[in-house]
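1. got a structure for you, letters missing:
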């Protein structure tokens, strides 16, 4: 794999919603390229007739009844960690102008 | 260094009034303070722990039984949600986060009478193999202060090795219980995937994450597992516990079939580590066990497979950190988008960002099939190889890590070198099989060497039984 360029790293940061510094862009270009080059060795492995593993314990579609249960939590307590709350709602920056 | 009695005896002493839960809490808090220079602990839960100690002592005085772990203090890795102080996962982004509910494992321990006294240091979000990725400070190895305790459960393993509490809880996604246990000379168990509920534990790689005990002895680990294991309505991946429980006698070694993984005994592994493992194999033979060499042909692919699947799941799990509902928050962001990128960009540490970016890459359209899906298929190949082996033998033995504890700073500037430390622990994680690290000796620098013992899925009971027999051999 070719080395990630500056635009590749910026694109990844944009997709991942990460603000990164100029120094980080340079660092990640090098580090991420090395890591991706290492994991690339899987691409030559013969995996014909094998299915992907999603659940290693073999469980399939664990479901429960769709019912409301009261576990005794107050909405106020659950909002304790929210930086900005108004009328028991989470306040976020304006999305639409 | 451990100055605690076996857990069963401690609880018995509390029940019979020979000691009190309050005294045990005070003892643990004092030890944490005395050994603070090792930086194993992020925060103590002094107020809560003392209160719980008093509650348990009152139960005893009223003739009630507080449970199997009556008054036993323990330390939780700081990625467990526990009441009474912040839960940070050793990350800046979670500084000040107060658990709104508790982890199932913590609730079960409390119901059995145990008392959480402190939260232990870790690599932030459990990303690492040395605890140097903690956003706060690094932890020193109890056997040599210039060396790392391993990671990511480095604080938990160091705490048990220092004897700060009788046991600790850790999490293991690719080796994070086993490798620090090996580096610190304590027993650590990663149970079968799903045996312990992850509800209330900061998620890392959800198809891999396991919770388990770190203890001074196999017996202690068995009791803790017995208390915390089993299905949980809050974690749909949980499986039923063995109806016989996990408190076991040492297995009869005569006729036991043990495989030595030949790919884990190559020259890349330190000579002294290999010698210690070989000695255990020979001791087993002498006791009548059948020891054979087995092959895990894809052993060298496991790490590459892991470092695709794990960061992919990390990037997904960490996407919930938007800084709006909880966590680090930049005031006065101009837009929602700017708020996300600033909260996450400034809140996450280097390794978390690195893994998020790798994960984003391997999951992005155009690369998904070549990386993530391919890794999931290679995972199947590895699982099949384990099944082939477990058709022939009951257990697998090998080293936990290629070396003993390395120097602080030795691998910190090379992320790939740090990943390679996990080379012998990730296969068991990918296959979801139980695996333990048992201390079997020291190298010429007096640093502990760990033996990795693996068994097939849901054979945790048998794994503990064999570990106990091996522990007796080591003496």
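-> Structure's in. What do you need? None of these values were measured; they are calculated from a predicted model.
2. where does the prediction get shaky in the chain?
-> No chain was given, so I picked chain A. Within chain A, the set of residues satisfying pLDDT under 70 comprises A:1-2, A:97.
3. my question was about chain B, not that one.
-> In chain B, residues with pLDDT under 70: B:1-2.
4. point to the residue nearest the middle of it.
-> Centroid-nearest residue in chain B, with Cα atoms, centre = their mean: residue B:177, separated by 2.5 Å.
5. check contacts around that residue.
-> Residues counted as contacts of residue B:177 (Cβ atoms under 8 Å, 6 or more residues apart in numbering or on different chains) are B:153, B:156, B:157, B:170, B:171, B:188, B:189, B:190, B:210, B:212, B:214, B:437. Every C-beta, even on glycine, is put in place using the N, C-alpha and C of the backbone.
6. swap in residue B:10?
-> B:4, B:19, B:24, B:71, B:72, B:166.
7. try it again with 10 Å
-> Contacts for residue B:10 were tallied using Cβ atoms under 10 Å, 6 or more residues apart in numbering or on different chains; they are B:4, B:18-19, B:21, B:24, B:69-73, B:114, B:166, B:220.
8. in what helix or strand does it lie?
-> Under the criterion of DSSP states H and E, residue B:10 resides in helix B:7-15.
9. and what of residue B:413?
-> Assigned by DSSP H and E, residue B:413 falls outside every helix and strand.
10. how near is residue B:123 to residue A:93?
-> Applying Cβ to Cβ, to the nearest Å, the value for residue B:123 to residue A:93 is 32 Å.
11. thought residue B:213 was touching residue B:191?
-> Yes. Residue B:213 lies in contact with residue B:191 (Cβ atoms under 10 Å); the separation is 8.8 Å.
12. neighbour count: those two, which is higher?
-> residue B:213 (33 against 30; other Cβ atoms under 10 Å in any protein chain shown).
13. next, that one: phi, psi?
-> phi -90, psi 150 (degrees, to the nearest 10).
14. in contact with it, which residues?
-> B:7, B:74, B:105, B:109, B:156, B:160, B:167-170, B:177, B:181, B:186-191, B:196, B:220-228, B:436.
15. the helices in chain A, which residues?
-> For chain A, helices defined by DSSP state H occupy the ranges A:6-15, A:22-39, A:75-78.
16. so the closest residue to chain A within the stretch 251-400 of chain B, which state does it fall into?
-> Closest to chain A within the stretch 251-400 of chain B is residue B:345: 2.8 Å, counting by Cβ to the nearest Cβ. Recorded secondary structure, residue B:345: helix (DSSP: H, G, I helix; E, B strand; the rest coil).
17. who's in contact with it?
-> Residue B:345 neighbours (Cβ under 10 Å, 6+ apart): A:13, A:16, A:17, A:18, A:19, A:20, A:21, A:24, B:323, B:328, B:330, B:353.
18. what about the nearest residue to residue B:220 once chain neighbours are set aside, how many residues nearby?
-> Nearest residue to residue B:220 in three dimensions, chain neighbours excluded: residue B:7, at 4.7 Å (Cβ to Cβ, 6 or more residues apart in numbering or on different chains). By other Cβ under 10 Å, 25 other residues sit near residue B:7.
19. what does the one 4 residues further on give?
-> By the criterion of other Cβ under 10 Å, residue B:11 has 26 neighbours.
20. quick one: it from residue A:28, how far?
-> Per Cβ to Cβ, residue B:11 is found 50 Å from residue A:28.
21. tell me the spacing between the closest residue to residue B:3 other than its chain neighbours and chain A.
-> Once flanking residues are discounted, residue B:3 sits nearest to residue B:163: 4.8 Å by Cβ to Cβ, 6+ apart. Distance, residue B:163 to chain A, using Cβ to the nearest Cβ, to the nearest Å: 34 Å.
22. so what's residue B:122 up against?
-> Counting by Cβ under 10 Å, 6+ apart, residue B:122 makes contact with B:42, B:77-79, B:88-91, B:128, B:131, B:133-134, B:136, B:139, B:151-156, B:170-171, B:176, B:180, B:202.
23. what does residue B:355 give?
-> Residue B:355 makes contact with A:35, B:125, B:127-128, B:204-205, B:307, B:310-315, B:318, B:348, B:415, according to Cβ under 10 Å, 6+ apart.
24. in helices only, show me those residues.
-> Filtering those for helices - DSSP H - leaves A:35, B:307, B:310, B:311, B:312, B:313, B:314, B:315, B:415.
25. what number of residues lie near the residue in chain A positioned nearest to chain B?
-> Across chain A, the shortest distance to chain B (Cβ to the nearest Cβ) belongs to residue A:19, at 2.8 Å. Here the count is done by other Cβ under 10 Å, and residue A:19 has 19 residues near it.
26. I figured it hits residue B:343, correct?
-> Yes. Between residue A:19 and residue B:343 there is a contact at 8.7 Å, judged by Cβ under 10 Å.
27. identify the contacts common to the two.
-> With Cβ under 10 Å, 6+ apart as the test, residue A:19 and residue B:343 both reach residue B:330.
28. for chain B, which segments are assigned as strands?
-> Shown for chain B, the strands assigned by DSSP state E span residues B:41-44, B:73-77, B:115-120, B:167-172, B:187-190, B:210-215, B:257-261, B:290-294, B:395-399, B:435-442, B:448-455.
29. pick the most deeply packed of those.
-> Among these, strand B:187-190 has the highest mean neighbour count (mean count of other Cβ atoms under 10 Å in any protein chain shown), at a mean of 33.
30. given that strand, what are its sheet partners and their directions?
-> Here strand B:187-190 is paired, per DSSP bridges, with strand B:210-215 (antiparallel), strand B:435-442 (antiparallel).
31. just put the ones you listed in JSON lines and tack on distance to residue B:399.
-> Listed next are the strands paired with strand B:187-190 as JSON lines, based on distance: least, Cβ to Cβ, whole Å:
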{"stretch": "strand B:210-215", "distance to residue B:399": "18"}
{"stretch": "strand B:435-442", "distance to residue B:399": "10"}
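32. rewinding a little: can you name the two of the contacts of residue B:177 that sit furthest apart?
-> Within these, B:157 and B:210 form the most distant pair, 15.4 Å apart (Cβ to Cβ).
33. out of the contacts of residue B:345, which end up buried?
-> Buried by 16 or more other Cβ atoms under 10 Å in any protein chain shown: A:13, A:16, A:17, A:18, A:19, A:20, A:24, B:323, B:328, B:330, B:353, out of those.
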